[in-house]
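[1] Dropping a prediction and its sequence here:
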Amino acid sequence: MSTRAKREDRPGTVLAVSLAVSIALLGAATAQRTDGLNVIVTPGHPFGSASAHRSLMSARQLGATTIAIVPFLWQQNPSSPAIVRGTDMLDDELRQAIRQTKTLGFSVLVKPHVWVPTSWAGAVEPGPEKHWQLWFARYGSELDRIARIAAAEGADSLAIGTELAKTTQRPEWQHLITTARSAFPRTLLYVAHNIEEAEAVPFWPLLDAVGVSLYPPLGADDDRAPRRAAMDAVAERLDLLAARTGKPVV
């Protein structure tokens, strides 16, 4: 998204509603639906400010009941093990973000995301075994810090990762999830990139929900039947995934 930029040298927590998303829980005995927005940072509008309040109230007017707060982690390139917390949303700013959003009556998902300049989280692949171990140690440490803040401030759910497609077959996730579970007592999920990654993630049994961000190619804007067919095909695979895992799909 164009509003997301390199964050490690940008001071202060700032707020923008970036991307409207619909979050639906599927495959449960009683279907439950929540609609919400991802919230990311932009200069000039800190959480707790009047402009942040206006943005969140605008989300409510659109029908949002859930806000996904997105603190960024950052690494120089996909193969670097030197992952660090971004400076866009430090601890106190994350606390303020959760407090303000909860005060306004939203359900809160804290959804950490790895920022890689000129690339994306799905390309993260440290390479040598010692780099994998170092990357997971650093990522796990930052996630634990975020999880403890999310728990203390009453966030409703926590994503342990977002679209880290080349990492999910690694055994380190089991320990990372166990650690996150001890720090955060409520809903844990992981957000896979598209249905293909979601179907391949091996650790869904350790989590409370299956998360997936969907970007299916739909074809021409005026070609309604094939677009509907493409969406139906993805929805059917999500239903099968929910049935196989016994987990709701977010």
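    Cool, the structure landed.
[2] going forward, measure contacts and count neighbours with C-alpha atoms only.
    Fine.
[3] Can you show me the helices along this structure?
    50-61, 91-103, 129-152, 172-183, 194-200, 224-245 (DSSP state H).
[4] Redo those helices as TSV? Include mean pLDDT, distance to residue 114 and mean neighbour count.
    TSV is the format used below for the helices of the chain (pLDDT from 0 to 100; distance: least, C-alpha to C-alpha, whole Å; neighbours: other C-alpha atoms under 10 Å):
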stretch	mean pLDDT	distance to residue 114	mean neighbour count
helix 50-61	92	23	16
helix 91-103	95	16	19
helix 129-152	98	9	18
helix 172-183	97	16	17
helix 194-200	97	17	18
helix 224-245	94	25	15
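[5] any chance of those in CSV, plus distance to residue 207?
    Output for the helices of the chain, formatted as CSV (distance: least, C-alpha to C-alpha, whole Å):
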stretch, distance to residue 207
helix 50-61, 28
helix 91-103, 22
helix 129-152, 14
helix 172-183, 8
helix 194-200, 13
helix 224-245, 10
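[6] What distance do you get for the residue nearest in space to the middle of the chain to residue 73?
    Against the mean C-alpha coordinate of the chain, by C-alpha atoms, centre = their mean, the closest residue is residue 111 at 3.4 Å. In this view, residue 111 and residue 73 are 11 Å apart by C-alpha to C-alpha, to the nearest Å.
[7] before we move on, back to that, can I assume the residue nearest to the centre of the chain is in contact with residue 69?
    Yes: contact criterion C-alpha atoms under 8 Å: residue 111 and residue 69 qualify, at 5.9 Å.
[8] Any idea what the closest residue to residue 210 other than its chain neighbours is bridged to?
    The shortest distance from residue 210 to any non-neighbouring residue, by C-alpha to C-alpha, 6 or more residues apart in numbering, is to residue 249 (4.7 Å). Judged by DSSP bridges, the bridge partners of residue 249 are residue 26, residue 210.
[9] Just give me the neighbour total for residue 249.
    Residue 249: 24 surrounding residues under other C-alpha atoms under 10 Å.
[10] Next one: it, what pLDDT does it get?
    What the model reports as pLDDT for residue 249 is 94.
[11] That one and residue 73: what is the separation?
    On the measure of C-alpha to C-alpha, residue 249 and residue 73 end up 25 Å apart.
[12] cool, and residue 191?
    For residue 191, the distance to residue 73 equals 15 Å [C-alpha to C-alpha].
[13] and if you look at residue 202?
    The value you get for residue 202 to residue 73, if C-alpha to C-alpha is used, is 24 Å.
[14] So for those two, which sits in the more crowded spot?
    residue 73 (23 against 15).
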